[in-house]
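S.K.: Got a sequence here, can you model it:
(one chain, ligands or ions: 1)
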Amino acid sequence: MNILIINSGSSSIKYQLLEMPSTKVICVGSIERIGSTDAISNYKTDNNKVEKIYEIANHKAGLERITSLLLDAEIGVLNSTEEIDAIGHRVVHGGSDYTETTLIDEEVKSKIKMLSTLAPLHNPANLQGIVMAEEIFATAKQVVVFDTAFHGTVPVKAKKYAIPNELYEKDGIQAYGFHGTSHKYVSEKANEYLLKENTKLISIHLGNGCSITAIKDGKSIDHSMGFAPSNGLIMGTRSGDIDHSIIYYLVNTLGYSLDDVNELLNKKSGMLGLTGSNDLRDIEEEASNGNADCILALEMNAYRIKKYIGAYTATMNGLDAIIFTAGIGENSSLMRQLVCKDMDYFNFQLDDSKNELRSKNIREVNTTDSKVKILVIPTNEELEIAKQVYELLN
Ligand code: AMP
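M.R.: Next up is the predicted model:
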């Protein structure tokens with residue numbers, strides 16, 4: 001089966017075509033800066049790698065550009081759009097109704113639209129990708145995998161906020177949890193590696209968005225992001241945990257509008273707000289040159305992660321392994337070192353030389369006598385989506 005995975009963001013479309021069940025990647029690509037005259041299209045197959053700049057006005061134009069690359073006589077991989085059997089769409093918010101991979105119909109689409117109020121940065125773009133794909137790949141089955149789905153197992157005591165009950169019951173205000181596809185993928189890889197199923201794991205996804213999940217016996221039981229993908233860890237541009245009183249102070253005393261506050265906390269905070277950059281590579285370089293803001297931001301980031309590790313070890317009453325994944329988790333030996341420093345009370349010790357080794361494979365970076373394993377596991381959300389789509393349709 002040829003399964004095309006589409007991940008539509010507000011100004012980008014990322015895609016990957018996989019052959020299942022062999023899991024062979026046929027091509028992978030992205031279009032960034034949709035809506036501009038200098039949108040960047042990246043496209044890669046086994047034999048070709050093409051980067052070009054186009055004018056791409058909207059998602060429809062973006063998906064049309066992708067289709068013409070897939071069908072291109074020279075560098076394409078398909079003769080007809082009908083060779084795509086299914087499309088797997090990543091949708092960020094599935095609310096409490098969708099905790100499983102789901103075939104898309106009108107009802108699912110209207111639910112995704114309704115949930116846009118809960119994920120205004122993500123769900124509208126995700127829906128646009130679905131509508132366009134239905135038009136262009138009319139013979140393909142369209143399937144949705146929700147980022148929230150893996151967290152459907154979080155117990156009420158962990159997902160409910162201590163606000164009046166009716167806001168939970170009638171209005172659906174609760175912690176939903178995100179990055180589920182990634183946490184599911186890496187935790188299953190960890191269980192395979194550990195040759196155990198009944199494990200207590202902490203999965204730490206550190207990319208532009210950052211989140212941490214407690215996973216017991218293969219199930220998510222608590223997660224750092226909440227009602228929206230904004231709570232918890234310090235991220236590239238998002239503050240993570242913050243006292244809500246600050247919002248009233250910003251509005252009532254400092255004259256911010258609610259839109260300003262939203263912009264501030266989602267787009268101007270986190271590492272960007274602390275250092276002027278949201279790219280950890282630049283921050284690490286500046287820190288090594290003695291930049292005090294960057295040194296402190298790295299320490300704050302690691303400190304927040306440590307607090308969650310402590311909390312989740314307590315809630316699971318134990319810990320078998322922690323997992324580092326995504327851009328920072330997989331590549332930043334410094335961040336892993338800062339997080340794992342002085343954690344001997346929790347029975348884990350990093351092996352400094354293993355920590356410096358680079359690999360695209362799953363690897364163990366703890367010392368041999370560390371009781372808790374420290375694993376670095378490259379995430380692969382596209383493969384996880386393709387697996388789920390394949391399972392649903394077969
Ligand atoms: P992602 O959202 O998973 O693509 O991750 C993006 C983040 O990973 C950015 O903050 C990058 O700076 C960071 N990143 C990527 N490669 C490295 C690296 N070699 N060292 C440190 N951070 C990195």
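S.K.: which residues touch Asp97?
M.R.: Contact partners of Asp97, counting by CB atoms under 8 Å, 6 or more residues apart in numbering, are Lys111. All C-beta atoms are positioned from the backbone trio N, CA, C, and that covers glycine.
S.K.: By proximity to the ligand, which residue of this protein wins?
M.R.: Gly327 (2.1 Å; CB to the nearest ligand atom).
S.K.: Wait, that residue touches Cys210, no?
M.R.: No - counting by CB atoms under 8 Å, Gly327 stays clear of Cys210, with 9.9 Å between them.
S.K.: Could you check which of those two is surrounded by more residues?
M.R.: Under the criterion of other CB atoms under 10 Å, the comparison of Gly327 against Cys210 puts Cys210 first, with 28 against 17.
S.K.: how near is His89 to Ile3?
M.R.: Note on His89: its distance to Ile3, by CB to CB, to the nearest Å, is 11 Å.
S.K.: And for Arg33?
M.R.: From Arg33 across to Ile3, the span is 26 Å (CB to CB).
S.K.: More neighbours: these two, which one.
M.R.: Ile3 (28 against 16).
S.K.: need the contact list for the more buried one.
M.R.: Leu17, Leu18, Glu19, Met20, Ile84, Asp85, Ala86, Ile87, Gly88, Ala386, Val389, Tyr390.
S.K.: are any of the residues you listed buried, and which?
M.R.: Among the contacts of Ile3, those buried by neighbour count (16 or more other CB atoms under 10 Å) are Leu17, Leu18, Met20, Ile84, Asp85, Ala86, Ile87, Gly88, Ala386, Val389, Tyr390.
S.K.: can you redo those residues as a markdown table with distance to Asp344 and pLDDT?
M.R.: Compiled in a markdown table, these are given as follows (distance: CB to CB, whole Å; pLDDT from 0 to 100):
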| residue | distance to Asp344 | pLDDT |
| --- | --- | --- |
| Leu17 | 46 | 98 |
| Leu18 | 42 | 98 |
| Met20 | 44 | 98 |
| Ile84 | 52 | 97 |
| Asp85 | 51 | 98 |
| Ala86 | 48 | 98 |
| Ile87 | 48 | 98 |
| Gly88 | 43 | 98 |
| Ala386 | 40 | 97 |
| Val389 | 43 | 97 |
| Tyr390 | 43 | 98 |
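S.K.: Strands - which of the residues you listed land there?
M.R.: Leu17, Leu18, Ala86, Ile87, Gly88 (DSSP state E).
S.K.: in terms of contact, does the last one touch Val143 like I think?
M.R.: Yes - between Gly88 and Val143 a contact is recorded at 5.3 Å, counting by CB under 8 Å.
S.K.: any common contacting residues for those two?
M.R.: With CB under 8 Å, 6+ apart, Gly88 and Val143 have common neighbours Gln388, Val389.
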